[in-house]
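Q: sequence unavailable; structure follows:
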């Protein structure tokens, strides 16, 4: 090959690589820095709000298209916030008295207790005119409610008498075809396994529901008239699932062959396509490291990330993602990115049946969770020497251990009951992060 032709091919390859990298724009600055792990997003009419975790404490950050990231209230809330009736509410936070389990409210720039629960909350969302709180609690503000409660702006209310406080509790809720759906890691004696539906009169179950691996429903999305359910499962009420399944109100179907590699953590519809993030490695047989999009038929690769996507949101008509990643397509980026790639994709396709594991990306499975006397951290993917660090609800380090094997057992008998954060470090960089519940 001639020197000129070689140079031309090299420049062509470079231009193609840059085009891929330029599909994403970093949204950093202000309080946003590289030590953070983005846990989740929420939006109101003016702001994109990120729940972020750093090595020492969690905090909420707020962004609009005209400014850098700033803090939302004092540091303290741990998981998620929403705006309800023009006021901000969040779940679980640190105050001067210690760790508060329940709902807090932002008052004059300071987070203050609002409705206490018996154990930690895991999710909070607004549906129609109500505020819903989910978790493992048995009561909220003195009202008996098991794992899910509804606030109408004046009073707290239980919904039926089913118990979602078993297992790891309820995580998420949505409304579909007029009914309330609740998902999580609960397993009750009445076959309410990971998913249940409230029809306004009673709770309905889905039989065996979601089974395989650790079992759990993490997120919902309504797309093209169907309800999509994402999580950590292989079957959905007996039908093939593979981390994601589609429900039409009566039947479950697989979504283009499903997903491999790890659990689905977040889903969002944008530009008439379903965007899915998590610990995934393939979707429909296509290599999609940590993020994929689905157009109703095919799965597509929209960038090669090096770590989990835990948050996806649409703000001011644009798509944002967040997580623990450091690079996309080899380029260093911030922990929050905006999609500017239009319809660009790297590869698309789908499988009709079955799925094969073509990649094995880094992921961590924690079981049992909740833990009583001990729990096991199982690492999959490219194993390098790593360090497991566990923090108490006040952000204080209570456990640290180096390891280079696939499993690490942690005794929890000396841990007080409650919610903890864990972080896996490689070369002092956050590799993955999550929550541990101790009973």
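A: Done, it's in. Here the structure is a predicted model, which means the values were calculated and not measured.
Q: so where does the closest residue to residue 339 other than its chain neighbours fall, helix or strand?
A: In this structure, residue 339 finds its nearest non-sequential neighbour in residue 319, 4.2 Å apart by CB to CB, 6 or more residues apart in numbering. Where you see a C-beta, it was placed from the backbone N, CA and C, and this is true even at glycine. Using DSSP states H and E, the element containing residue 319 is strand 318-323.
Q: which secondary structure elements does that strand sit against?
A: For strand 318-323, the elements it packs on are strand 37-43, strand 273-278, strand 309-315, strand 336-339, judged by 3 or more CB pairs under 8 Å, 6 or more residues apart in numbering; DSSP states H and E.
Q: that strand: partners in the sheet, and parallel or antiparallel?
A: In the sheet, strand 318-323 lines up against strand 309-315 (antiparallel), strand 336-339 (antiparallel) (DSSP bridges).
Q: okay, the angle between it and strand 37-43?
A: 150 degrees (axes from the mean of the first three to the mean of the last three CA atoms, to 10 degrees).
Q: and the residue nearest to residue 339, how far is that from residue 342?
A: According to CB to CB, to the nearest Å, residue 319 stands 11 Å off from residue 342.
Q: please enumerate the strands of the stretch 301-439 of the chain.
A: Secondary structure of the stretch 301-439 of the chain (DSSP state E, counting those that start in this stretch): strands at 309-315, 318-323, 327-328, 331-332, 336-339, 347-349, 363-367, 374-380, 386-391, 397-403, 407-411, 418-426, 429-438.
Q: reformat those strands as a markdown table; add mean pLDDT.
A: Listed next are the strands of the stretch 301-439 of the chain as a markdown table, based on pLDDT from 0 to 100:
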| stretch | mean pLDDT |
| --- | --- |
| strand 309-315 | 96 |
| strand 318-323 | 96 |
| strand 327-328 | 93 |
| strand 331-332 | 92 |
| strand 336-339 | 96 |
| strand 347-349 | 91 |
| strand 363-367 | 78 |
| strand 374-380 | 86 |
| strand 386-391 | 87 |
| strand 397-403 | 89 |
| strand 407-411 | 92 |
| strand 418-426 | 79 |
| strand 429-438 | 74 |
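Q: JSON lines for those strands, including distance to residue 156 and mean neighbour count?
A: JSON lines is the format used below for the strands of the stretch 301-439 of the chain (distance: least, CB to CB, whole Å; neighbours: other CB atoms under 10 Å):
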{"stretch": "strand 309-315", "distance to residue 156": "27", "mean neighbour count": "23"}
{"stretch": "strand 318-323", "distance to residue 156": "31", "mean neighbour count": "25"}
{"stretch": "strand 327-328", "distance to residue 156": "42", "mean neighbour count": "19"}
{"stretch": "strand 331-332", "distance to residue 156": "46", "mean neighbour count": "14"}
{"stretch": "strand 336-339", "distance to residue 156": "33", "mean neighbour count": "22"}
{"stretch": "strand 347-349", "distance to residue 156": "46", "mean neighbour count": "15"}
{"stretch": "strand 363-367", "distance to residue 156": "31", "mean neighbour count": "18"}
{"stretch": "strand 374-380", "distance to residue 156": "32", "mean neighbour count": "17"}
{"stretch": "strand 386-391", "distance to residue 156": "30", "mean neighbour count": "19"}
{"stretch": "strand 397-403", "distance to residue 156": "32", "mean neighbour count": "13"}
{"stretch": "strand 407-411", "distance to residue 156": "35", "mean neighbour count": "13"}
{"stretch": "strand 418-426", "distance to residue 156": "21", "mean neighbour count": "20"}
{"stretch": "strand 429-438", "distance to residue 156": "22", "mean neighbour count": "21"}
